[in-house]
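Chemist: All I have is the shape, not the residue letters:
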């Protein structure tokens, strides 16, 4: 049998996405063999993050400050408001360096099956922000999934009275993508949204 | 950009086996969303393991005590000594519940390419333990790999003067295995080691 401390560690690691019991054991052993170099620093980083990270009350981003550094940052364009489903999508867009506006994290998508209605998402806050005079455009950057597009459709209806331009991300061939490897839906969307040169 | 605490956490998580930058971000987000339920407990479990776990000076196992609970446990058979490459192998054998002897963790295998010689493994300790009067059999439970089998061959030579029975794990068809899915080496080994009914 394994000692209780190691067993507890493995049980918790097995709850992480992408990790099952076998990989949890592998990770635990890897960490134990690197107690000072990795295990200790990881414990500290987790404790530091757990105590310092807050959810931004304005946009839903995660940061050590509330409001977050994107909402308070001087180098951001307040006329652009980009709506995303989750903080992970916000991180993905920030990694591009191609967006300098501000964000709004919905916290998911509408789902009748899962009982997620408009009040379960951060929609009132979105409508309030979209109505502010400095906001000129709301970009609906939701996932190109059924849930994402249904929610985007609903949001564009709710945002109509706000008097802002409403846009959504282009759907089409991924950069570097070969047509032969794409599914019918993506190819069809790419054809329908074709752009005149 | 992501805040420094989150970034630090992601950097460290990406160093875990089986985790790259993308899965590290996924894990970080999963943890942050479960600060009290998972992130905090995980930080504590890591800190507890880091401070309490020791390497058994007798056998090389990991436990909060030195010597470990297997070396000191009353319900173990001191006449059987099972040699393994790594603590992960010890855990695997313990999970079977089929072995009640004691273990010896070598810490790897001999490798001329990687510069791992006999003095880099826990071999002197093994020879000393195998020479003790209560030890009647040494099981070489090394991996069925080139490195494992080479090391096993070397060990059986070194152990010869100790006057103990030296055995190794059977090689053959895995339980539940279908012959059509096995490689030539495994099938050949299974044929050669066939047992008369």
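Modeler: All right, it came through fine. Quantities reported herein were computed from a predicted structural model and do not represent experimental measurements.
Chemist: For residue A:50, what is the enclosing helix or strand?
Modeler: Per DSSP states H and E: residue A:50 is located in helix A:40-52.
Chemist: What lies in contact with stretch A:167-183?
Modeler: Applying CB atoms under 8 Å, 6 or more residues apart in numbering or on different chains, the contact partners of stretch A:167-183 are A:137-142, A:144, A:152, A:156, A:186-187, A:189-190, A:193. C-betas here are computed from N, CA, C, even on glycine.
Chemist: What of stretch A:17-32?
Modeler: A:6, A:9-11, A:13-14, A:16, A:38-39, A:42, B:16-19, B:23, B:26-27, B:30, B:46, B:49, B:53, B:62, B:86-88, B:91.
Chemist: out of those residues, which are buried?
Modeler: Neighbour counting with 16 or more other CB atoms under 10 Å in any protein chain shown marks A:6, A:9-10, A:13-14, A:16, A:38-39, A:42, B:16, B:19, B:23, B:26-27, B:30, B:46, B:49, B:53, B:62, B:86-87, B:91 as buried within the contacts of stretch A:17-32.
Chemist: other SSEs contacting the helix holding residue A:50?
Modeler: With contacts taken as 3 or more CB pairs under 8 Å, 6 or more residues apart in numbering or on different chains; DSSP states H and E, helix A:40-52 sits against helix B:4-13, helix B:21-32, helix B:40-52.
Chemist: So is whichever helix or strand comes after that helix next to chain B?
Modeler: Heading C-terminal from helix A:40-52, the first helix or strand you meet, by DSSP H and E, is strand A:54-55. No - applying CB under 8 Å from any CB of the partner chain, one finds strand A:54-55 separated from chain B by no less than 9.1 Å.
Chemist: Stretch A:143-161 too?
Modeler: No - against chain B, stretch A:143-161 shows no contacts by CB under 8 Å from any CB, the least distance being 14.9 Å.
Chemist: Please, where are all the strands along chain A?
Modeler: Assigned by DSSP state E, chain A shows strands spanning A:54-55, A:62-63, A:80-84, A:102-105, A:137-140, A:165-168.
Chemist: Go through those and pick out the most buried.
Modeler: Of all the strands of chain A, strand A:102-105 has the most neighbours on average by mean count of other CB atoms under 10 Å in any protein chain shown, namely a mean of 24.
Chemist: ok, residues contacting that strand?
Modeler: By CB under 8 Å, 6+ apart, strand A:102-105 touches A:59-61, A:70-71, A:76-78, A:80-87, A:89-90, A:93, A:122, A:125-126, A:129.
Chemist: Give the pairing partners of that strand; include direction for each.
Modeler: strand A:80-84 (parallel) (DSSP bridges).
Chemist: And the average pLDDT for the partner strand is what?
Modeler: In this model, strand A:80-84 has a mean pLDDT of 98.
Chemist: Also stretch A:26-40?
Modeler: Mean predicted confidence for stretch A:26-40 is 94.
Chemist: what about it, distance to the chain center?
Modeler: Distance of stretch A:26-40 from its chain centroid, counting by CA atoms, centre = their mean, to the nearest Å, is 30 Å.
Chemist: now stretch A:168-187
Modeler: 21 Å.
Chemist: Could I get the buried residue list for that stretch?
Modeler: A:168, A:172, A:182, A:186.
Chemist: so what's the last one up against?
Modeler: Which is residue A:186. Contact analysis of residue A:186 by CB under 8 Å, 6+ apart lists A:171-173.
Chemist: Walk me through the domains of chain A.
Modeler: Chain A resolves into domains spanning A:4-52, A:62-168 when parsed by automatic domain parsing.
Chemist: Flag the shaky bits of chain A, pLDDT-wise.
Modeler: Residues of chain A meeting the criterion pLDDT under 70: A:1.
Chemist: Same list (the buried residues of stretch A:168-187) but as CSV, adding distance to residue B:116.
Modeler: Listed next are the buried residues of stretch A:168-187 as CSV, based on distance: CB to CB, whole Å:
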residue, distance to residue B:116
A:168, 58
A:172, 53
A:182, 48
A:186, 50
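Chemist: what's the burial count for residue A:197?
Modeler: 3 (other CB atoms under 10 Å in any protein chain shown).
Chemist: before we move on, what about residue A:57?
Modeler: Using other CB under 10 Å, residue A:57 has 11 other residues around it.
Chemist: Over to the one 3 residues further on?
Modeler: Close neighbours of residue A:60, defined as other CB under 10 Å, add up to 22.
Chemist: what bridges to the closest residue to it other than its chain neighbours?
Modeler: For residue A:60, ignoring the flanking residues on the chain, the nearest one in space by CB to CB, 6 or more residues apart in numbering or on different chains is residue A:105 at 3.0 Å. The partner list for residue A:105 in beta bridges (DSSP bridges) reads residue A:84.
Chemist: quick one: residue A:105 from residue A:87, how far?
Modeler: Distance of residue A:105 to residue A:87, given as CB to CB, to the nearest Å: 6 Å.
Chemist: Which neighbours do those two have in common?
Modeler: A:60-61.
Chemist: which ones are touching the nearest residue to residue A:2 once chain neighbours are set aside?
Modeler: Excluding the flanking residues, the one nearest residue A:2 by CB to CB, 6+ apart is residue B:91, at 6.1 Å. Listed by CB under 8 Å, 6+ apart, the contact partners of residue B:91 are A:2, A:25, A:29.
Chemist: Neighbour-wise, which one of those leads?
Modeler: Within the contacts of residue B:91, most neighbours by other CB under 10 Å means residue A:25, with 23 neighbours.
Chemist: Thank you, goodbye.
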